[in-house]
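A.B. asks: Next comes the sequence, and after it the predicted model I'd like to discuss.
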Amino acid sequence: MSNTLLIADTSLLINFLNVDRMDLIANHAPRCAVTEHVMAEVNGSFPVQKQRLDAALAAGHLEQVAASEDAELELFAKLQSGGRLGAGECSAIAVALNRGHALAIDDRLAIREARARATAMGITPSIYSTRDIIARLITSGHLTIGQADILLVEWRSQYRFELGITSFSELVC
């Protein structure tokens, strides 16, 4: 897979929007992009995060891509027909797998579905969770463990988002 972009799902994107740290997404390699379906989910349900997303797009921290190729639209429809995944997850998976990009997603069911679809397509996807992205940012020097742990506490205490660790020191030596 080429991994020239990191296609983000809504829930992962919301994690960074909640703590107003889209600068971290801007510093992650590969570059991050969102689909129009992810944009619609943020725009429709998260007014504060919508403002932050608009600012991040304007600042060039990420870009928007459209699920427009026939194979993407076909996979998007198949994923949606199961009724278990949201439109943002379906479009992110469809675009990432069909274009050979990395996928940024936290939902376990969506990750299993992405891996199963990738296997059927004969490809091995690169899939990153919020936890993975933070660990990569620490390793690349864009974030300290202390700064990451502050985010960890904020996600847990203010947004009920658990990463299953008490400190990023558990992941990064």
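C.D. replies: Thanks, I have the structure now. Residues are numbered from 1 along each chain as shown.
A.B. asks: where does Leu57 fall, helix, sheet strand or coil?
C.D. replies: At Leu57 the chain is in helix, as set by DSSP: H, G, I helix; E, B strand; the rest coil.
A.B. asks: can you give me the helices for this protein?
C.D. replies: 10-18, 22-27, 36-45, 47-58, 70-81, 87-99, 108-121, 130-139, 145-159 (DSSP state H).
A.B. asks: Other residues contacting the last one?
C.D. replies: Contacts to helix 145-159, defined as C-beta atoms under 8 Å, 6 or more residues apart in numbering, come from residues 15, 18-19, 21, 130, 134, 137-138, 161-163, 165-169, 172. From N, CA and C alone the C-beta is placed, and that goes for glycine too.
A.B. asks: and the angle from it to helix 130-139?
C.D. replies: Helix 145-159 runs at 160 degrees relative to helix 130-139, counting by axes from the mean of the first three to the mean of the last three C-alpha atoms, to 10 degrees.
A.B. asks: From the chain's centroid, how far away is helix 145-159?
C.D. replies: Taking the mean of its C-alpha atoms, helix 145-159 sits 18 Å from the chain's own mean (C-alpha atoms, centre = their mean, to the nearest Å).
A.B. asks: Also the second one?
C.D. replies: For helix 22-27, the gap between its own C-alpha mean and the chain's C-alpha mean amounts to 12 Å (C-alpha atoms, centre = their mean).
A.B. asks: For it, buried residues please.
C.D. replies: Met22, Leu24, Ile25, Ala26, Asn27 (16 or more other C-beta atoms under 10 Å).
A.B. asks: Among these, find me the one that's closest to Asp106.
C.D. replies: Of all the buried residues of helix 22-27, Asp106 sits closest to Ile25, with 14.0 Å by C-beta to C-beta.
A.B. asks: Go through the buried residues of helix 22-27 and say which is closest to Val38.
C.D. replies: Comparing these against Val38 with C-beta to C-beta places Ile25 closest, at 12.7 Å.
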